[in-house]
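In: Generate a structure from the sequence data that follows.
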Amino acid sequence: MIQHDCGHHSFVPNPRANDILGRSLGALTLTPYDYWRASHAVHHSAAGDLDRRGDGDILTLTVEEFVALSPRDRLRYRVYRNPLFLFLFGAPFLFLIYYRLPRRGQLSLRHYLLSTAGTNLAVASVVVAGGATLGWPQFGPVYIGTVWISSAIGVWMFYVQHQFEDTYWARTDDWDFFASALQGSSFLEMPRALNWFTGDIALHHIHHLNPRIPNYHLRRFLESQALLRDVRPLTLAQGLRATRLALWDHELRKLVPIRSARSSGYNSSSA
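Out: Residues are numbered from 1 along each chain as shown. Model (predicted):
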C-alpha cells in the first residue's frame, strides 16, 4: 500500500521521494513501479467505462459479449473468472512471472529498463541474499509460500474494489467520474486492525474520488464528509460471495454469475 501511494505521489509531499521509495519497494512487492504506475493511472481514468477496459483491470465481459463468444472462448472466460484459478494460480503468476517479462505499455524504453529490468535485478538480489543467508531449503519454501498467499489476498482485495454486485459500468458517452468513484468503487467493511495493515484501501471509493489523499488520511476524510458516510459498505462476506460474479448485465445494472447468461439465450450444452 505504501508503494501504491507512492505511485500516486501521495505518500510523501516530494514527487521524487515518492518515486525513489516506490521503485525500492519493488524488490519486496515484485512489482515494477514505473510500469505499474502508468497502467494504474489508466485504470483510474477509465474505471467503470465499458469502452475502455483492459488496463489494470480484471477482464469483465457483458452478458451479451459472453453469449456472442465461441464455445471455446466461453470456456476460457469461465476458467479465467473461476475464483480458484484467479486467486490461487492467476495471482502468483502475475507477481512471479508476468511482472518479470518485458511489457512497456505507456513507458518509453528507458523507463521500461529502469522499471522491469531494475526490479528484476533487485528481486534477484533479495532472493540470492536470502538463500545464501538462511539456506535454500529454509528460505525457498517460505519465500514462495509468502508470495503465493499474499498475492492471492492482494488480488482478492483488488478484485472486490470494483467487482461487486451493485458496482458501476457505463459506456463512455454515459460514463461519470463521480458515479464511477462512489458507486463503482467499494467501501469494504473490515476490522480496524485489517484496515491498518492494508493502508485503509478498503475505503476505495474515497481513493478513487481523490487518489492524492494518502492512506493515512482516508479515514479522517471519510469521517469529515457526511455524504461519503452514506455510501453503503460491503461486508467481508459479501466481498467473498462477489467472487462468483463475472458478467455485467445492462438491464439489471448489476454484476451477475455466468449462469445468468442462460436467460439471454446462452445454451450451456454448447460450451
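In: Kindly format the C-alpha coordinates of the host helix or strand of residue 219 as CSV.
Out: Element membership for residue 219, per DSSP states H and E: helix 215-224. Only the C-alpha atoms of helix 215-224 are listed here, as CSV (Å, rounded to 0.1, in the frame of the first residue of the first chain):
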residue,chain,number,x,y,z
ASN,A,215,-3.8,6.2,3.0
TYR,A,216,-3.2,7.6,6.5
HIS,A,217,-5.7,10.4,5.9
LEU,A,218,-8.5,8.4,4.2
ARG,A,219,-10.3,7.5,7.5
ARG,A,220,-10.3,11.1,8.7
PHE,A,221,-11.6,12.3,5.3
LEU,A,222,-14.4,9.7,5.5
GLU,A,223,-15.4,10.9,9.0
SER,A,224,-15.4,14.5,8.0
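In: How far does it sit from its chain's centre?
Out: Mean-position distance between helix 215-224 and its chain equals 21 Å (CA atoms, centre = their mean, to the nearest Å).
In: what's next to that helix, contact-wise?
Out: 1-2, 4-5, 11, 195, 199-201, 203, 206-207, 210, 213, 228-229 (CB atoms under 8 Å, 6 or more residues apart in numbering). (Each C-beta comes from the backbone N, C-alpha and C, glycine too.)
In: Would you mind listing the buried residues in that helix?
Out: The neighbour-count check on helix 215-224 (16 or more other CB atoms under 10 Å) flags 215, 218, 219, 221, 222 as buried.
In: what residue ranges in the stretch 51-200 of the chain score low on pLDDT?
Out: Applying pLDDT under 70 to the stretch 51-200 of the chain flags the ranges 103-110.
In: can you map out the helices along it?
Out: For the stretch 51-200 of the chain, the helices defined by DSSP state H, counting those that start in this stretch cover 63-68, 71-81, 83-85, 91-96, 109-112, 118-134, 136-162, 177-184, 192-197.
In: What are the buried residues along the third one?
Out: When neighbours are counted by 16+ other CB under 10 Å, the buried residues of helix 83-85 are found to be residue 83.
In: Remind me what it packs against, helices and strands.
Out: For helix 83-85, not one helix or strand is in contact under the criterion 3 or more CB pairs under 8 Å, 6 or more residues apart in numbering; DSSP states H and E.
In: what's in contact with it?
Out: Contacts of helix 83-85 (CB under 8 Å, 6+ apart): 79, 243, 244.
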